[in-house]
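*Asks:* Sequence plus the predicted model coming up.
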Amino acid sequence: MSETAPAHILLVEDDETIALGIKSALEHAGYDVHHFDRGETALVHAETHRPDIALLDIMLPGIDGLEVLRGLKARYSDVPVILLTARGEEDDRVAGLESGADDYVPKPFSMRELIARVRARLRSADTTKRSPESVRVGEVELDLRRRILRRGSVEQRLTTHEAGVLAYLIEHQGRDVTREELLENVWGYSPHMQTRTVDNQILKLRKKVEKVPSDPRYILTVHGIGYRFEP
């Protein structure tokens, strides 16, 4: 993504009213939005116009949003994808996350929350792009771009949020990072999010990265503030 050009957002939503509302809100926020109501035409567009981020409704005529997701990720593995889902579609959300989706926003949602999620995903993608291709943390080698952690011959996949938190902490290593800062830059604020979300993510990361998770060497707690990464 260029420093001056607005981010190119691929929006795939067949409900015209919802699509117009999203497109208008995102364009007002300064983004370049390309809307399609069918997955087939969206994928054709993506062949020659690489999006910076994609917003996909799951329920579409023709091929569904999950198939569009897989097609996008096959061509552009690092393009973040946010799924737009109905509240009852838990199985679809799980299938989407397992297929490579980076986030989901259940309908109905506020435009303010959606824009916050878009900004967070774009920031996280930009941070990950700036990260070194390989980072060694003690006995662990991290490939943040591909979201892979290696300890010896054993590989583990990192979730989007795990990679985002690590990338952000490593980029700001040696500095105290607040929980609110991580929420804003990795998740994007939303009404139901609490700082405990960050704490739970840190606990999971320490189990993967630290030799002794209960006595961390690299991902340190800064009491009353948040966390700090020490190389």
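*Replies:* It's in. Here the structure is a predicted model, which means the values were calculated and not measured.

*Asks:* Only C-alpha atoms from now on, for both contacts and neighbour counts.
*Replies:* Fine.

*Asks:* Tell me the buried residues in the lowest-mean-pLDDT helix or strand in the chain?
*Replies:* Confidence across the helices and strands of the chain bottoms out at helix 90-98, with a mean of 74, counting by mean pLDDT, DSSP states H and E. For helix 90-98, a neighbour-count test (16 or more other Cα atoms under 10 Å) marks 92-93, 96-97 as buried.

*Asks:* Output those as JSON lines; include the columns distance to residue 7.
*Replies:* Shown next, in JSON lines, are these (distance: Cα to Cα, whole Å):
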{"residue": "92", "distance to residue 7": "27"}
{"residue": "93", "distance to residue 7": "25"}
{"residue": "96", "distance to residue 7": "23"}
{"residue": "97", "distance to residue 7": "23"}
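
*Asks:* Show me which of these is closest to residue 213.
*Replies:* Residue 213 has its nearest neighbour among the buried residues of helix 90-98 in residue 97, at 26.2 Å by Cα to Cα.

*Asks:* List the contacts of the closest one.
*Replies:* residue 103 (Cα atoms under 8 Å, 6 or more residues apart in numbering).

*Asks:* what's the spacing between it and residue 58?
*Replies:* As defined by Cα to Cα, to the nearest Å, residue 97 lies at a distance of 12 Å from residue 58.

*Asks:* same question, residue 183
*Replies:* Between residue 183 and residue 58 the distance is 25 Å, computed by Cα to Cα.

*Asks:* of those two, who's got more company?
*Replies:* residue 58 (25 against 19; other Cα atoms under 10 Å).

*Asks:* Surely that one touches residue 81?
*Replies:* No: Residue 58 is not in contact with residue 81 according to Cα atoms under 8 Å; the separation is 11.7 Å.

*Asks:* What average pLDDT does the longest helix out of those in the chain get?
*Replies:* For the chain, the helix reaching the highest residue count under DSSP state H is reported as helix 111-130. Per-residue confidence for helix 111-130 averages out to 84 on the pLDDT scale.

*Asks:* Which strands or helices does it pack on?
*Replies:* The contact analysis (3 or more Cα pairs under 8 Å, 6 or more residues apart in numbering; DSSP states H and E) places helix 111-130 against helix 16-28, strand 53-57, helix 160-171.

*Asks:* Skip ahead from the last one and say which helix or strand is next.
*Replies:* It refers to helix 160-171. The C-terminal neighbour of helix 160-171 among helices and strands, as given by DSSP states H and E, is strand 177-178.

*Asks:* Tell me the strands beside that following strand, with direction?
*Replies:* In the sheet containing strand 177-178, its partner strands are strand 226-229 (antiparallel), by DSSP bridges.

*Asks:* so for the strand it pairs with, what's the average pLDDT?
*Replies:* Mean predicted confidence for strand 226-229 is 96.

*Asks:* what does it contact?
*Replies:* Under the contact criterion Cα under 8 Å, 6+ apart, strand 226-229 has outside partners 169-170, 172-179, 218-222.

*Asks:* can we see that at 10 Å?
*Replies:* Applying Cα atoms under 10 Å, 6 or more residues apart in numbering, the contact partners of strand 226-229 are 166, 168-182, 195, 198-199, 202, 217-222.

*Asks:* Filter the residues you listed down to the buried ones and hand me the ChimeraX line.
*Replies:* A single ChimeraX command selects the buried members of the contacts of strand 226-229 (16+ other Cα under 10 Å):
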select :166,168,169,170,171,173,176,177,178,179,180,182,198,202,217,218,219,220,221
